[in-house]
Every structure is written in structure tokens, then in C-alpha cells.
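Asks: Kindly generate the corresponding structure for this input.
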Amino acid sequence: MSRKTNEELQALVDKAAEGDKEALEMLAAGMQDLVFNLSLRMLGTFADAEDAAQDILLKMITHLSSYRGGSSFTTWVFSIAVNHLKNYKKHMFAHRPLSFEYYGDDIKNGNVQDVPDLTQNVEKNILAEELKMSCTNVMLQCLDTESRCIFILGTMFKLDSRIAGEILEMTPESYRQRLSRIRRKMADFLEQYCGEYGGGRCRCKDRVNYAIQNHRINPVQLDYTAAVEISVDTMLDVKNAMEDIDELSQDFSFCRPYRSPGHVKQLIQEFLESTQFSIVKNS
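Replies: Numbering: from 1, shown residues only. Below is the predicted model of the structure:
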């Protein structure tokens, strides 16, 4: 979706709320990368993020009539997404919670030297990059759900504290204070343990086989390697057209944005062609 003025976007939303299929497709296309990347950081894996993103986009489509224009459309979608993800219990880490203590202990005491070659002839540098992206994303699961959400909104999406506070139902001052503390906690952990983003001894290339053995990466299914990376500017183009951003964000470069998988777009298109959508549109 190209950059639009508030008035143009509101007109598009109005048409979509009336059941205009082309307008609905444009809104879904404009939001799907934002929703997928938020889901990926909140849930930790591509498969779970894809499922959740589909749920959120369908919820957006079927609840358009409840959008009243009191806040920007993107803020409204973020609110739907955040509430959905904070209560989402179907992802892998909902039943296997992590902690920084567990992660640190695994880095210090994992027997990486005792694991045989499990690379299946995949280049080790490729596997190391896959592990780096996977590890740092999963590391976010060491934060409690709300702290994770605060970190992602402030660091990856660079939301203005007023907008983020509105989404999370807290004051801008409280949001800024908590974001600062969470960033410091993340930065301290990276500095202590991670050799890729900090001063620690952990090197992804040394832990590739250990990670494969523990099912953290799979040589025949490299999600991050296969994903299409997009620029932050491209992903945030719609948001930046509607909302001012502040300069609070620290550069955590592992928060790379990706194009949402084609399955997400396909499911939305199938829904818009379905009998269920006709029922919703005519209700």
C-alpha cells in the first residue's frame, strides 16, 4: 500500500468496512508485514507467527465496522495485534517458558565440542547466520509477555511513546521508563554472553551442530535464510505517514524485518472469496 494521507486512508477504510473487496485487499496487504513481524518477535518462530498473523488480519477484516477513527488506523491494528498476541497460547514457548538464567547457563555449560557434524552438507556460515537470527529472536522469549511487547514496539517499530502507551494502556512516561529498563537488561545479557552482538564468548559458528542436535535450527528448513528481508523504512512507510516517531530507539540490529510468507496473503484472499466473508459482509 503506497503512502496515503489520513483522509485517503480513512476513505479506504470506509470502503473496506462496506465490503469493498479491493479496499480490503489493499488494507490487508498494507498491514500484513507489520503484523507478521510483530508476531514473529512476540512468538519466536516463523510457523507460530504465520498462524497468528493470519488470525490477526482476519480479526482486522471482520471488525472494521468497530473502527471509529479516534486513533490512526495503524494504531488500531497494532492494538488488535498486541491484545491477540499477549493472550496467544498456541505457540511453542507458551508451554516452554524461557529465562535469561536458563539461556546463560546453556551458553556457559552446553557441551558443544561433543556433538558430531550434523550440517548435512549445508555451508556452516549459512547455518551460523540462521542460528544467530533464530537465537536472538528466541532470546526475546526470556522477557515476560508485556516487557517483550514494550521492547518490540519501542526498538523494532520505534513507536512514539504516546502511541505505544495508548496501545498498551499505560502512560507515555511509564512506557519510556520500562522500555529503558528492558533495553538495558537485553543489552547487558548480550554484552555478557553473546560474541556476535556483545563481548561474550558465544559464537554461533561454534554452536551450529549443538543447535541442530537440540532442534533449534534445521539444515533442511532455514526459515531466516529463506525469508525475504525488507528495509525498516519500507515496512514502516505506512506508519510513518500517519504518526510522528521519536528518537528513543537503540539499534538492536538483530530485529530485522521480513516479508510476510505468501501463505498469509493466500489465506486472506481465500477468505475474501469465501462464503464466510459474504456472511460477514452482509451481516
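Asks: Apart from its chain neighbours, what residue comes closest to G195?
Replies: R203 (4.7 Å; CB to CB, 6 or more residues apart in numbering). C-beta coordinates here come from the backbone N, C-alpha and C atoms, glycine included.
Asks: The one you found reaches E196, doesn't it?
Replies: Yes. With contact defined as CB atoms under 8 Å, R203 counts as touching E196 (7.1 Å).
Asks: Of those two, which one has the most company?
Replies: E196 (18 against 15; other CB atoms under 10 Å).
Asks: secondary structure element for that one?
Replies: Under the criterion DSSP states H and E, no helix or strand holds E196.
Asks: Identify the spatial nearest neighbour of it, chain neighbours not counted.
Replies: Nearest to E196 is K132, by CB to CB, 6+ apart, at 5.4 Å.
Asks: mean confidence score for the one helix or strand the one you found maps to?
Replies: Element membership of K132 [criterion: DSSP H and E] is helix 124-139. Mean pLDDT, helix 124-139: 94.
Asks: Restricting to C-alpha, output that helix in CSV.
Replies: Once non-C-alpha atoms are left out, helix 124-139 reads as follows in CSV (Å, rounded to 0.1, in the frame of the first residue of the first chain):
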residue,chain,number,x,y,z
LYS,A,124,28.4,-23.8,8.1
ASN,A,125,28.4,-20.0,7.6
ILE,A,126,24.8,-20.2,6.4
LEU,A,127,23.8,-22.2,9.4
ALA,A,128,25.6,-19.9,11.7
GLU,A,129,23.7,-16.9,10.3
GLU,A,130,20.4,-18.8,10.7
LEU,A,131,21.3,-19.6,14.3
LYS,A,132,22.2,-16.0,15.0
MET,A,133,18.8,-14.8,13.8
SER,A,134,16.9,-17.6,15.5
CYS,A,135,18.8,-17.3,18.8
THR,A,136,18.4,-13.6,19.2
ASN,A,137,14.7,-13.8,18.3
VAL,A,138,14.1,-16.7,20.7
MET,A,139,16.0,-14.7,23.4
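Asks: list the buried ones in the helix or strand that that helix is followed by?
Replies: The helix or strand immediately downstream of helix 124-139 is helix 145-151, counting by DSSP H and E. When burial is assessed from 16 or more other CB atoms under 10 Å, helix 145-151 yields the following buried residues: T145, S147, R148, C149, I150, F151.
Asks: how close does the nearest residue to the fourth one once chain neighbours are set aside sit to A226?
Replies: It stands for C149. In space, and not counting its chain neighbours, C149 is closest to V82: 5.9 Å by CB to CB, 6+ apart. According to CB to CB, to the nearest Å, V82 and A226 sit 27 Å apart.
Asks: Between the two, which is the more surrounded one?
Replies: V82 (22 against 11).
Asks: just checking, that one touches E146?
Replies: No. Here V82 lies out of contact with E146, judged by CB under 8 Å, at a distance of 9.5 Å.
Asks: Give me the common contacts of those two.
Replies: L168 (CB atoms under 8 Å, 6 or more residues apart in numbering).
Asks: what about the helices in the stretch 1-150 of the chain?
Replies: Shown for the stretch 1-150 of the chain, the helices assigned by DSSP state H, counting those that start in this stretch span residues 6-17, 21-43, 46-62, 73-86, 100-109, 124-139, 145-151.
Asks: neighbours around Q54, how many?
Replies: 23.
Asks: What of A28?
Replies: 23.
Asks: Look up the closest residue to it, ignoring the ones flanking it.
Replies: Nearest one to A28, counting by CB to CB, 6+ apart, is I268 at 4.8 Å.
Asks: do V228 as well
Replies: With CB to CB, 6+ apart, the residue lying closest to V228 is R259, at 4.0 Å.
Asks: Buried residues of stretch 164-172, list them for me.
Replies: Quick answer for stretch 164-172 (16+ other CB under 10 Å): A164, G165, E166, I167, L168, M170.
Asks: one step back: packing partners of the helix holding K132?
Replies: The contact analysis (3 or more CB pairs under 8 Å, 6 or more residues apart in numbering; DSSP states H and E) places helix 124-139 against helix 208-213, helix 223-226.
Asks: Let me see the contact set for V208.
Replies: T119, K124, L127, A128, L131, I217.
Asks: between those residues, which is nearest Y103?
Replies: Nearest to Y103 among the contacts of V208 is L131, at 13.6 Å by CB to CB.
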